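Participant: need a structure here:
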Amino acid sequence: MKNILIIAKMDLFKEQPSNNRVDLLNFLSTKPNIKIMNDKEGQTLKNWINKTEKRVKWRPDVIIYYFLSRQEKWTEISIPDFNKTASNLPRYMIFEDSHYYETVIPLYKKYKFNLLLKPQKKKVLDNHYKKRGINIDYWGYFIDDTKFKTREQDSFKYDILLYGFINKAYPLRVKFFEVLQFLNQRSNLRIKHIPHPGYYKGALNKLPKNEELSKIINKSRFTLVSSSHYQILLKKYMEVPMSGSTMIGDIPPDYPELKGKMIEIDKNIDHDGIVKIIKECFENKHTDIEEKSRLYGLELSKRKNFESGYNLLNNIVNKN
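Facilitator: Below is the predicted model:
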């Protein structure tokens with residue numbers, strides 16, 4: 001089994017609205033063949049490797065750099081000797097927001113990566129990468145099943161839940177928010193909305209995370225989800241069914257397997273159409289999908305947990 005060094009801006013990761021990626025990396029660091037290095041000013045890769053080898057007799061066979069998004073704070077590697085020291089080792093990049101290909105491709109070439117690990121399938125985007133000579137593989141999203149899980153309860157506290165940032169990048173989510181405002185005044189539905197304060201430092205600490213978020217989802221019969229303007233699979237498509245709620249939303253085009261496991265809404269639907277589908281849900285016209293959603297959540301808990309992520313990462317590293 002190859003030794004894997006994962007480098008990431010852990011200090012910045014800890015400031016994000018979700019702790020899941022930090023928890024995943026901390027979990028991976030418990031495995032004997034994986035070490036995590038915090039990318040920060042004041043240290044070099046060569047010294048880190050030499051000190052680790054001397055201390056615990058461990059050297060990396062593969063280096064993976066974990067990028068998050070396109071902002072400069074994520075894309076500038078602080079370690080000054082990354083290219084020089086890692087030149088004789090296979091090196092991969094994880095880029096969560098891989099739909100920003102105009103950022104990913106120059107980074108891939110600048111730091112001489114050999115492989116891009118993507119979190120989700122997107123045929124149009126993948127073809128674009130391949131045409132530009134970028135090698136890709138899919139690692140995916142992995143969720144902490146000890147925190148995002150179904151909890152026993154007698155009944156739901158909320159009828160509908162909406163959470164997540166509301167702006168033009170999520171046009172369907174904007175419509176959902178507007179419809180919920182309408183229904184709040186004209187129906188007796190128990191609506192739960194978790195406002196997103198924005199991404200400035202300190203604000204994100206106000207958001208429920210991990211178990212707290214999962215418990216709210218678990219108390220909600222339905223949760224509204226959206227694949228964003230980019231029509232990609234987001235973590236909510238796993239967090240929600242794993243926590244025991246049924247999704248209402250659009251299905252990303254590259255994930256037809258979601259059909260029948262969530263209440264499907266066309267991404268271009270108007271407000272009246274959304275109201276109509278919500279009305280059907282509470283007329284119990286989709287109870288078969290609710291049951292399939294529960295089974296799907298249990299399946300995800302077995303297939304998309306942290307241990308599965310570890311096993312898949314080893315498979316990818318050892319086959320390349």
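Participant: any idea where the strands of the stretch 201-320 of the chain begin and end?
Facilitator: Remark: strands assigned in the stretch 201-320 of the chain by DSSP state E, counting those that start in this stretch are 220-225, 246-249, 263-264.
Participant: Identify whichever of these lies nearest to residue 171.
Facilitator: Proximity of the strands of the stretch 201-320 of the chain to residue 171 was assessed by Cβ to Cβ; the nearest stretch is strand 246-249, lying at 12.0 Å. Where C-beta positions appear, they are placed from N, C-alpha and C, glycine not excepted.
Participant: how close does the most centrally placed residue in the chain get to residue 106?
Facilitator: In the chain, the C-alpha nearest the mean C-alpha coordinate belongs to residue 235, at 3.9 Å (Cα atoms, centre = their mean). Using Cβ to Cβ, to the nearest Å, we find residue 235 at a distance of 26 Å from residue 106.
Participant: Same question for residue 276.
Facilitator: Taking Cβ to Cβ, one finds residue 276 at 46 Å from residue 106.
Participant: CA atoms of stretch 56-66 as CSV?
Facilitator: The C-alpha trace of stretch 56-66 is given here as CSV (Å, rounded to 0.1, in the frame of the first residue of the first chain):
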residue,chain,number,x,y,z
VAL,A,56,8.3,8.0,12.4
LYS,A,57,10.2,6.4,9.5
TRP,A,58,7.6,7.4,6.9
ARG,A,59,8.1,8.9,3.4
PRO,A,60,5.4,9.7,0.9
ASP,A,61,5.0,7.7,-2.4
VAL,A,62,2.3,10.1,-3.7
ILE,A,63,1.5,13.7,-2.9
ILE,A,64,-2.1,15.0,-3.2
TYR,A,65,-2.8,18.7,-2.9
TYR,A,66,-6.4,19.5,-1.8
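Participant: If we go by neighbour counts, what in the least confident helix or strand in the chain by mean pLDDT is buried?
Facilitator: For the chain, scoring each helix and strand by mean pLDDT, DSSP states H and E identifies helix 82-85 as the least confident one, at a mean of 90. Residues 82, 85 are the ones in helix 82-85 that count as buried (16 or more other Cβ atoms under 10 Å).
Participant: Show me what the helix or strand following that helix is packed against.
Facilitator: Sequence order places strand 91-95 as the next helix or strand after helix 82-85, per DSSP states H and E. When contacts are defined as 3 or more Cβ pairs under 8 Å, 6 or more residues apart in numbering; DSSP states H and E, strand 91-95 packs onto strand 62-67, helix 101-110, strand 115-118.
Participant: between the ones you listed, which gets nearest to residue 220?
Facilitator: strand 115-118 (29.9 Å).
Participant: List the contacts of that closest one.
Facilitator: Residues from elsewhere that reach strand 115-118 (Cβ atoms under 8 Å, 6 or more residues apart in numbering): 64, 90, 92-95, 98, 104, 108, 126, 129, 134-139, 316, 320.
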